[in-house]
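Q: coordinates only, sequence not included:
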């Protein structure tokens, strides 16, 4: 892979540079062709670059940005009032061609709005969408979108999600003709809103998408679909609902194991096996949601991500740079649009 | 508690009378004041009443209904073509005052439509909503709705869900002033659709609801909210998403335990503890979703319910009869409506 550069919003997330900097070091060790432009407040960052062995690193650059966008900042106001923020400056580096991608753990709403304003969207896309890999029973990844960027979606928006998700999965996971499904409240054709039913009929028509039908939310983890598409409200609800159940399950399991000394001993003996079996469900492995539909690569890390998880978000950006995802999406959208024009004139 | 009668659609669900009849026996033993009217095809039911020790039971009546509504039947067509179905006849027994409630494990869409047509909705409610208890970390029940009856919901519909859910939880769980929350993609006031934001402002105004704000789907199981309200699409997605994760978790845990003879032995020793700790999450305990907003009590059992789960749905109907839920909901809706009129004229 050729040399490439990622601009890192070092200040975002619950722990700011205390996570983003050690994660940077980890990623630089993993990717020998990677250069990182660390963007943040020099007063805070400069001493920490020393602490995390990054100050003399040949593949690390630093750009000062004195302002920080907090989780409480209203996305609509950040454009006007946070022009010197680490997030905005990092995105500008991508827009100016100085970086190939931007990674941030900051305020999602602000990142969406700034990314759209600074990088612009691909022709045919009005707003970027948020997509992430989720685990499945087959041990590989299912791409699930939208995770909260577009609350209510008309038929065409859902259709474009399907195109973009399909391209992302095909390239990043090297899966030819990924199976694409629509999330619905039943598998039967008459189920769901008019938008979903109409979208299903469009997906059946195009040769560019391997549409397999509706799936219900209890089938999210079956692995039969490589890409699952829904509106941002439902996607966010589904994602957080299963995360909540996962945590509830783990805490109840821990309680059972901590009943007395005897169960603690049994638990200790079983623990490595359980950890090993559950490791492919670990949220760290799925950290890094991609903002697709932009003329540039932006990956959002979870605000509470630890070093491994944040580094995983950088990995995701790396893969998208390798495959030039925005350009692939743009080409595919143009082909699909041409195909739809043909069908309309037939 | 006074004597009461439940009409049972014995034919619905994946296993029909092979589940509904043994569940009937179980419920009759549990509730000495309960009489059951078993509705179904006499050719199939009569010999089975013998098998399940119900043929000579003093508190069992039987009503013949030759037709069955299948899961594949289009709800819109059942009214015209399935007038002799067990589901429709059971609902009619409630409408005629011969039964206090109806329990069915049949086609949900058909049950919704038939119930609305036969029992009519309470004043101010245009369609019934589907509500079920879900487990929480505090070890009690959270009422969650709508589970799929009303796909897209305007502000007033969500508001009415909050009123109905609040009444149900207050009575059935004996919880005074239950905490009511709206499911959203964030806790901040600016998050979510216009309907949700508007509904939040209405809920803050009324003295009849103890509104506590937005919750995210990962907080569904925290137990801070007694009632959580969302539209039917998102509710169905949230419910099935966490069920899917629960199943994935269990199957991975089983795989870990089945690695070799040694782990199987450890697992066998830990199993009773784990089962005991997880028993309050068992889906059987939450079987029985109530159709609220109707002028009558209808409880929907899961189609794949086993005997214990089906019997739990009958328990749910019993509690709603005890508290005369439709009448309580009707009174509360009238009070809330009067309060809103006052506020408008202030």
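A: Cool, got the structure. Remember, it's a predicted structure, so these values are computed and weren't measured experimentally. Numbering: from 1, shown residues only, chains lettered A, B, ... in the order given.

Q: what's the distance between residue A:323 and residue A:333?
A: Note on residue A:323: its distance to residue A:333, by Cβ to Cβ, to the nearest Å, is 16 Å. Any C-beta I mention is one placed from the backbone N, CA and C, and that applies to glycine too.

Q: Same drill for these two, tell me which one is more crowded.
A: Neighbours were counted for residue A:323 and for residue A:333 using other Cβ atoms under 10 Å in any protein chain shown; residue A:333 has more, 20 against 17.

Q: Quick check, residue A:28 in contact with residue A:36.
A: Yes. Between residue A:28 and residue A:36 there is a contact at 6.4 Å, judged by Cβ atoms under 8 Å.

Q: Looking at those two, which one has more neighbours?
A: It is residue A:36, of residue A:28 and residue A:36, that has more neighbours when counted by other Cβ under 10 Å, with 27 against 20.

Q: looking at this, the more buried one is in a strand?
A: Yes. Counting by DSSP: H, G, I helix; E, B strand; the rest coil, residue A:36 falls inside a strand.

Q: hey, what's it bridged with?
A: With DSSP bridges as the criterion, residue A:36 is bridged to residue A:6, residue A:60.

Q: Quick check: the gap between it and residue B:103.
A: Distance from residue A:36 to residue B:103, by Cβ to Cβ: 62 Å.

Q: again, but for residue A:44
A: 63 Å.

Q: How about the residues of the stretch 1-150 of chain A by chain B?
A: A:72, A:74, A:135, A:137, A:148 (Cβ under 8 Å from any Cβ of the partner chain).

Q: Does the second one touch residue B:189 like I think?
A: Yep, that's residue A:74 we're talking about. No. Between residue A:74 and residue B:189 there is no contact under Cβ under 8 Å: 10.5 Å.

Q: returning to what we had before: now the residues of the stretch 1-150 of chain A next to chain B: which count as buried?
A: A:135, A:137, A:148 (16 or more other Cβ atoms under 10 Å in any protein chain shown).

Q: Return the residues in contact with the first one.
A: When you say that, I think you mean residue A:135. Residues counted as contacts of residue A:135 (Cβ atoms under 8 Å, 6 or more residues apart in numbering or on different chains) are A:141, A:142, A:221, A:280, A:281, A:285, A:286, B:248.

Q: what does the second one give?
A: By Cβ under 8 Å, 6+ apart, the contact list for residue A:137 reads A:221, A:222, A:223, B:248, B:251.

Q: And what about it, helix, strand or coil?
A: coil.

Q: Look up phi and psi at it.
A: phi -60, psi -30 (degrees, to the nearest 10).

Q: From residue B:140, how far off is it?
A: From residue A:137 over to residue B:140 (counting by Cβ to Cβ), the distance is 32 Å.

Q: what's around residue A:332, how many residues?
A: Residues lying near residue A:332 (other Cβ under 10 Å) number 18.

Q: likewise the one 4 residues further on?
A: Here the count is done by other Cβ under 10 Å, and residue A:336 has 21 residues near it.

Q: now do residue A:205
A: Around residue A:205 there are 11 residues (other Cβ under 10 Å).

Q: on that earlier part again, and the contacts of residue A:137, which are buried?
A: Here, 16+ other Cβ under 10 Å leaves A:221, A:222, A:223, B:248 buried among those.

Q: Distance to residue B:319 and pLDDT added to the residues of the stretch 1-150 of chain A next to chain B, as CSV?
A: Putting those into CSV (distance: Cβ to Cβ, whole Å; pLDDT from 0 to 100) gives the following:
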residue, distance to residue B:319, pLDDT
A:72, 43, 81
A:74, 45, 82
A:135, 38, 89
A:137, 37, 88
A:148, 37, 89
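
Q: any idea how chain A splits into domains?
A: A:1-128+A:293-346, A:131-283 (automatic domain parsing).

Q: Between its first and last residues, how far does the last one reach?
A: Spelled out, that is domain A:131-283. End-to-end span of domain A:131-283 (Cα to Cα, to the nearest Å): 15 Å.

Q: Could you tell me how far it lies from the centre of the chain?
A: Put simply, domain A:131-283 sits 13 Å off its chain's centre (Cα atoms, centre = their mean, to the nearest Å).

Q: next one: stretch A:307-317
A: Computed by Cα atoms, centre = their mean, the chain-centroid distance of stretch A:307-317 equals 10 Å.

Q: One more: stretch A:332-346?
A: With Cα atoms, centre = their mean, you get 28 Å for stretch A:332-346.

Q: How about residues contacting it?
A: A:122-125, A:160, A:163-164, A:166-167, A:202, A:205-209.

Q: all strands of the stretch 101-250 of chain A, in order?
A: A:101-104, A:129-135, A:141-145, A:179-183, A:210-215, A:227-229 (DSSP state E, counting those that start in this stretch).
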